[in-house]
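Participant: Fold the following for me, if possible:
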Amino acid sequence: MSKYIIVDETRGVFLGSFSASLSDNYDHLRGESFTIREKTKIYDFFADTNPFGSAYAPAFNSLLDAERYVINNLDKKELPGLKVVRVETDEEYASIIDIVKGGYTAYTFSMLDSMEMGNNTMH
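Facilitator: Sure thing, here's the model as predicted:
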């Protein structure tokens, strides 16, 4: 099934957002953009920094849903390279495998390091 993810030409795959009260300090997360909304910082994180080691990206059901998310939640002035791309997945989140199969390896950065391995044997 076709779904859509958000990528930025510079920062890579959009991995999600999280919020923290202004008393919490997450500014040390290199490169994270944030906006202040009613005494809350909203941090958007991408594959270039991937602070949580994610191997998954939010997958939107339609192109329109993904474009609405960009318009309503991300700053196109700060991130002019944002675009929506199609991937094949049946899941709510596109895996690193889905993203690579879709031809978007260049946008994955450290996500490959987070990919689950079937064999962890040390040689």
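
Participant: Residue 103: neighbouring residues, count only.
Facilitator: Neighbourhood size, residue 103 [other C-beta atoms under 10 Å]: 11. C-beta here means a position set from N, CA and C on the backbone, and glycine is covered the same way.

Participant: got it, and residue 58?
Facilitator: Number of residues near residue 58 (other C-beta under 10 Å) recorded here: 18.

Participant: can you pull the contacts of it?
Facilitator: Counting by C-beta atoms under 8 Å, 6 or more residues apart in numbering, residue 58 touches 5-6, 14-16, 92-94.

Participant: I'd like these as TSV, with pLDDT appended.
Facilitator: Compiled in TSV, the contacts of residue 58 are given as follows (pLDDT from 0 to 100):
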residue	pLDDT
5	98
6	98
14	96
15	95
16	92
92	97
93	98
94	98
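
Participant: what about burial for these, which qualify?
Facilitator: Applying 16 or more other C-beta atoms under 10 Å to the contacts of residue 58, the neighbour count classes 5-6, 14-15, 93-94 as buried.

Participant: from the residues you listed, which two are the most distant?
Facilitator: By the measure C-beta to C-beta, 6 and 93 form the most distant pair in the buried ones among the contacts of residue 58, at 12.5 Å.

Participant: ok, so of the buried ones among the contacts of residue 58, who is nearest residue 114?
Facilitator: residue 15 (10.1 Å).

Participant: Quick check: that closest one touching residue 50?
Facilitator: Yes. Look at residue 15 against residue 50 with C-beta atoms under 8 Å: they come within range, at 6.4 Å.

Participant: Can you pull the residues that touch both of these two?
Facilitator: Shared contacts of residue 15 and residue 50 (C-beta under 8 Å, 6+ apart): residue 111.

Participant: Can you list the buried residues in stretch 76-86?
Facilitator: Result for stretch 76-86 [16+ other C-beta under 10 Å]: buried residues 79, 82, 84-85.

Participant: From these, which land in helices?
Facilitator: Judged by DSSP state H, helices contain none of these.
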